[in-house]
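1. build me a structure from this.
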Amino acid sequence: GNTTLNVQTITTSGAQLFDGNVNFTAGSTLTATNSDFTVTGTWSGSQDVTVNAGSGDILVQGAIGGAGGTARVGNLIFNASGTKTFESTIQAVSLTTQGTGIVNLGGNVTTSAAQTYNSDVVLTSDVTLRGVDIDIQGDVDSGGTQTAKSLTVVATGDFSLSGAFGASRHLLNLAIDAAN
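-> Numbering: from 1, shown residues only. Have a look, this model is predicted:
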């Protein structure tokens, strides 16, 4: 079912599963102590949200924010040493992923401010990253065993990469349009 969250903090000693769509009506910090955090549907609401999963994984299966950037969510922080997987598009003010776990991107990411990926990024589909400053502090690879994926980066500010493109699995195409 659908869930509306109007709370500032939820902390659990086990996994957090939101089976369906989630609408955030208040800024929230969600902590699944060393456990998985999953949203099986879409994610909406203009609020800032932080998700902490410790050594667990983070999985968001549906789109975050509305199509075309008309319904961006707030500032998002996803912190986990496990895998962080986003299977669809993300429309947010800003996006920060923290922790050593890889970030799987399955859709375009559009922000009106910065995007910071503090680990390796794996593309599970062709992806466009669009924002002001975009910083990837690791490698960018194609995921899976099928066709290599393409990456387009459009940064109105700075773009930086600490690792390599195609370090483990090559990219099909790469296009970067950045002010610096």
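
2. need the contact list for the residue sitting nearest the centre point of the chain.
-> Residue closest to the average C-alpha location in the chain (C-alpha atoms, centre = their mean): F86, at 5.5 Å. Taking C-beta atoms under 8 Å, 6 or more residues apart in numbering, we find F86 in contact with 60, 64, 103-107, 109. (Each C-beta comes from the backbone N, C-alpha and C, glycine too.)

3. apply 7 Å and report the result again.
-> By C-beta atoms under 7 Å, 6 or more residues apart in numbering, the contact set of F86 is 60, 104-107.

4. again with D126
-> Counting by C-beta under 7 Å, 6+ apart, D126 touches 149-150.

5. I176 versus that one, what's the distance?
-> Per C-beta to C-beta, to the nearest Å, D126 is found 15 Å from I176.

6. model confidence for the residue nearest to the centre of the chain, exactly?
-> F86 carries a pLDDT score of 98 in this model.

7. so in terms of bridging, what pairs with it?
-> V60, L105 (DSSP bridges).

8. ok, the one 5 residues further on next?
-> With DSSP bridges applied, Q91 shows beta-bridge pairing to T110.

9. burial count for it?
-> For Q91, the tally of surrounding residues (other C-beta atoms under 10 Å) stands at 25.

10. numbering from 817 from now on, please.
-> Sure, I'll start counting at 817 from here, so that last one is Q907.

11. and it, how far from T968?
-> 16 Å.

12. and A887, by the same measure?
-> Taken as C-beta to C-beta, the span from A887 to T968 is 22 Å.

13. and for I893?
-> Distance of I893 to T968, given as C-beta to C-beta: 24 Å.

14. for R946, what are its contacts?
-> 926, 970.

15. that one belongs to a helix?
-> No: R946 is assigned strand when assessed by DSSP: H, G, I helix; E, B strand; the rest coil, not a helix.
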